[in-house]
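Participant: need the 3D shape of this:
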Amino acid sequence: MSEKSALFKPQIIFDELEYYLDRFNERQIENTGIYELVKKLTCEALPSYQDEFDKRWEINYLPVKRRGKVIALPFDILEYKKEFFVHFHLLGSMHIKKGSKKDEEFYERIFSEALRFIPVIKADRNVLEKSVPYDIRTGKIKGSYLMEKVLSKNSKEKILRDYAGHVEKIQEVREVSLNEYLRVAGICYSAAFKKEAKSLSPHEMYKKWADGRDGGMLSIRDWNDKKEFMDWLQSGVHAGSHPFEIVFSWHRHGIHLYPPSSHQPYYSLRVTNYAYASKFVKMAKALIKEKIPFRADELKNVLDYLAGETYFTVNDYGDHNFWYIPSREYKKKFFRHIEWDRIKIPEWKKG
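Facilitator: Numbering: from 1, shown residues only. This next block holds a predicted model:
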């Protein structure tokens, strides 16, 4: 680190930034002075993206002091219709436009400090590598380094072979009754929940684990009548309900079992929340064993996940997330396995 960067003293404390930003609600700022500071900041570097509607500067840094140490926090600026939108990763956002409203002096200080930090970055390109903390940086890590137990390669390949062979021999079915649908759901429940499901009927299993919003499915009069069930299915009256979410999840969705239809002559097994990945695979194996015509298009992805081959995003949102904590334990267990995204350096304007 250069002498200039070593002597830099931030005028903002991290705790203040957390206080004045809100990760859930965008701060509205109508102040021409603050607007002009943001505009001046955008004049220092070339946009990282630009089209006919907006410009983006995704490489900006704010120096702050956190627990006695100088760190640099990346933030993005978007200009749209002569207004600015500023986003600090994991901390919050601001919507800034011209106006005469008096806002907290702190917001002005944010952009003054970012401007004051630019000569330091220009003088020492390594300053960002050393000052952007690892709990703010993004990257990716394979699930095998995070999971206590993973599916073996041999087990994964056997399941895929069995499934491929099953699909080749699959018999088409275009109409089923409600009782037939519940019977197949019962095969899934028995495989996934074993002892808990042992003494229950398919209907009782469905009532125990399904979403509960059946869209009138259980109100069908004749549960053995294929036509009545298919007429209900094709009527669309269940729109907005979740009759086929046979395993409910509070986060996103759980496991779905869709019945056959005229345009899809087989059952369809799907999973959204991978917390149910193991149960999903047990269900698929049971359906193969019982020679039920079904498809599970996500099976390979689920098996990749269970085998630890899927990447988790680090300090960012995605289908699978991992949040890195700068502690001795995390550094020892995970740091060397994380593939960190490179620190981006602004492309400064000449002159």
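Participant: could you report the pLDDT at residue 330?
Facilitator: pLDDT recorded at residue 330 is 95.
Participant: which residue is the nearest non-sequential neighbour of it?
Facilitator: Computed as C-beta to C-beta, 6 or more residues apart in numbering, the closest residue to residue 330 that is not its neighbour in sequence is residue 324, at 6.1 Å. No exception for glycine: its C-beta is placed from N, CA and C like everyone else's.
Participant: hang on, the one you found packs against residue 313?
Facilitator: No - the criterion here is C-beta atoms under 8 Å, and residue 324 misses it with residue 313 at 10.7 Å.
Participant: same drill for the two, tell me which one is more crowded.
Facilitator: The neighbour comparison of residue 324 against residue 313 (other C-beta atoms under 10 Å) goes to residue 324, with 21 against 17.
Participant: any idea how far residue 50 is from residue 80?
Facilitator: 11 Å (C-beta to C-beta, to the nearest Å).
Participant: do the same with residue 230
Facilitator: Per C-beta to C-beta, residue 230 is found 53 Å from residue 50.
Participant: and for residue 113?
Facilitator: Residue 113 is 26 Å from residue 50, by C-beta to C-beta.
Participant: for residue 270, same thing?
Facilitator: Using C-beta to C-beta, residue 270 is found at 39 Å from residue 50.
Participant: wait, is residue 257 part of a strand?
Facilitator: Yes - according to DSSP: H, G, I helix; E, B strand; the rest coil, the state of residue 257 is that of a strand.
Participant: contacting residues for the residue lying closest to it once chain neighbours are set aside?
Facilitator: Nearest non-adjacent residue to residue 257, counting by C-beta to C-beta, 6+ apart: residue 246, 4.8 Å away. Residue 246 makes contact with 185, 188-189, 206, 209-210, 254-257, according to C-beta atoms under 8 Å, 6 or more residues apart in numbering.
Participant: repeat that for residue 160.
Facilitator: Listed by C-beta under 8 Å, 6+ apart, the contact set of residue 160 reads 299-300, 303.
Participant: I'd like the distance from the helix or strand where it lies to the chain centre, please.
Facilitator: Residue 160 belongs to helix 153-168 when assigned by DSSP states H and E. A distance of 28 Å separates the centroid of the chain from that of helix 153-168, by C-alpha atoms, centre = their mean, to the nearest Å.
Participant: residues contacting residue 45?
Facilitator: Residue 45 is in contact with 57, 59-60, 346-349, counting by C-beta under 8 Å, 6+ apart.
Participant: which residues does the helix or strand where residue 33 lies contact?
Facilitator: Counting by DSSP H and E, the element that carries residue 33 is helix 32-42. Outside of helix 32-42, the residues within contact range by C-beta under 8 Å, 6+ apart are 29, 55, 57, 60, 77, 79, 84, 86, 96-100, 103, 107-108, 111-112, 114-115.
Participant: rounded mean pLDDT for stretch 203-214, please.
Facilitator: Here the average pLDDT along stretch 203-214 is 94.
Participant: what does stretch 290-300 give?
Facilitator: 96.
Participant: next one: stretch 315-322
Facilitator: Mean per-residue pLDDT for stretch 315-322: 90.
Participant: what do you get for stretch 175-194?
Facilitator: Per-residue pLDDT over stretch 175-194 has a mean of 97.
Participant: any buried residues in the helix or strand containing residue 57, and which?
Facilitator: Following DSSP H and E, one finds residue 57 within strand 54-66. Counting neighbours by 16 or more other C-beta atoms under 10 Å, one finds that the buried residues in strand 54-66 are 55-57, 59-66.
Participant: and the angle from that strand to helix 32-42?
Facilitator: Counting by axes from the mean of the first three to the mean of the last three C-alpha atoms, to 10 degrees, strand 54-66 lies at 100 degrees to helix 32-42.
Participant: the closest residue to residue 229 other than its chain neighbours: neighbouring residues, count only.
Facilitator: Leaving aside its sequence neighbours, residue 229 sits nearest to residue 178 (C-beta to C-beta, 6+ apart; 4.6 Å). By other C-beta under 10 Å, 23 other residues sit near residue 178.
Participant: residues contacting residue 178?
Facilitator: 217-218, 220, 223-224, 228-229.
Participant: from those residues, list just the buried residues.
Facilitator: Here, 16+ other C-beta under 10 Å leaves 217, 220, 223, 229 buried among the contacts of residue 178.
Participant: tell me which element the last one falls in.
Facilitator: It refers to residue 229. Element membership for residue 229, per DSSP H and E: helix 226-235.
Participant: now the element after that helix, going C-ward?
Facilitator: Next in sequence after helix 226-235, counting helices and strands by DSSP H and E, comes strand 245-247.
Participant: partners of that next one in the sheet?
Facilitator: In the sheet, strand 245-247 lines up against strand 255-258 (antiparallel) (DSSP bridges).
Participant: helices and strands around the strand holding residue 57, which ones?
Facilitator: Packing partners of strand 54-66 (3 or more C-beta pairs under 8 Å, 6 or more residues apart in numbering; DSSP states H and E): helix 14-20, helix 32-42, strand 49-50, strand 69-80, helix 105-123.
Participant: go through those and name the closest to residue 145.
Facilitator: strand 69-80 (24.9 Å; C-beta to C-beta).
Participant: with neighbour numbers in mind, choose between residue 230 and residue 50.
Facilitator: Legend: neighbour count by other C-beta under 10 Å for residue 230 and residue 50, higher for residue 230 (19 against 12).
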